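1. Below are the sequence and a predicted model; questions follow.
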Amino acid sequence: MRALVITASLRASAGIYEDKSGKLLAELLVEAGCDVDGPRVVPDGEPVEAALRSGVAEGYDVIVTTGGTGLTPADLTPEMTARVLDREIPGIAEAIRQANRDRVPTSVLSRGLAGQAARTLIVNLPGSSGGVRDGMAVLAPVLRHAVDQIRGGDHPR
């Protein structure tokens with residue numbers, strides 16, 4: 001599986017601080033069996049949409065974003081993702097929000113989406129390292145099956 005990591009961060013894209021969550025996400029995707037490119041660090045907003053569209057056009061099986069899923073006015077990753085998706089896969093995003101809700105009550109404030117654009121699975125994860133770990137704990141076990149289904153595969157028997 002070819003995967004692309006996109007980090008949505010105004011400050012990391014400006015060089016104000018290092019992108020740690022994108023690097024961690026790339027490592028976790030490798031552990032999940034992916035060949036990974038990125039992270040591509042872009043400011044939140046329309047550059048996220050452009051990066052997603054580019055990744056879909058490049059034929060990635062999976063694109064996972066980190067950052068831009070919160071409630072601040074600059075957090076626009078879900079809106080940009082919605083512009084790219086052909087159809088949502090709400091169960092993934094719901095499971096990610098609920099994964100560690102008891103330990104991190106604010107996880108329910110993440111507005112991340114998951115869905116399909118052409119033959120690419122796109123998943124938004126929060127911008128924190130903990131949010132990336134929690135999200136990948138949900139995503140990794142279903143990743144290969146989701147990609148296989150998007151490619152037209154049947155359910156395993």
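-> Thanks, I have it. As the structure is a computational prediction, the values presented were derived from the model and not from experiment. Residues are numbered from 1 along each chain as shown.

2. With the flanking residues excluded, which residue is spatially nearest to Ser128?
-> Among residues not flanking Ser128 along the chain, Ser21 sits closest, at 6.3 Å (CB to CB, 6 or more residues apart in numbering). In short, each C-beta sits where N, CA and C put it, glycine included.

3. hang on, that neighbour in a strand?
-> No: secondary structure of Ser21 (DSSP: H, G, I helix; E, B strand; the rest coil): helix, not part of a strand.

4. Tell me how far it lies from Pro141.
-> 20 Å (CB to CB, to the nearest Å).

5. which of those two has more neighbours?
-> Neighbour totals were compared for Ser21 and Pro141, and Ser21 leads with 24 against 10 (other CB atoms under 10 Å).

6. Tell me the spacing between the more buried one and Ala118.
-> Ser21 is 26 Å from Ala118, where distance means CB to CB.

7. Same question for Ala12.
-> Counting by CB to CB, the gap from Ala12 to Ala118 is 28 Å.

8. For the strand or helix carrying Val36, what is the distance to the chain centroid?
-> Per DSSP states H and E, Val36 falls inside strand 35-42. On the basis of CA atoms, centre = their mean, to the nearest Å, strand 35-42 sits 11 Å off its chain's mean C-alpha point.

9. what comes up buried for that strand?
-> Val36, Asp37, Gly38, Pro39, Arg40, Val41, Val42 (16 or more other CB atoms under 10 Å).

10. Could you list the low-confidence segments of this protein?
-> 156-157 (pLDDT under 70).

11. Report all helices and strands that the helix ranked longest in the chain contacts.
-> Counting by DSSP state H, the longest helix found in the chain is helix 129-150. Under the contact definition 3 or more CB pairs under 8 Å, 6 or more residues apart in numbering; DSSP states H and E, helix 129-150 sits against helix 20-31, strand 62-66, helix 90-98, strand 120-125.

12. Make JSON lines from those and add distance to Thr106 to it.
-> Converted to JSON lines, the helices and strands packed on helix 129-150 look like this (distance: least, CB to CB, whole Å):
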{"stretch": "helix 20-31", "distance to Thr106": "16"}
{"stretch": "strand 62-66", "distance to Thr106": "16"}
{"stretch": "helix 90-98", "distance to Thr106": "10"}
{"stretch": "strand 120-125", "distance to Thr106": "14"}
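
13. Go through these and name the closest to Ser110.
-> Each of the helices and strands packed on helix 129-150 has some distance to Ser110 by CB to CB; the shortest is helix 90-98, at 5.6 Å.
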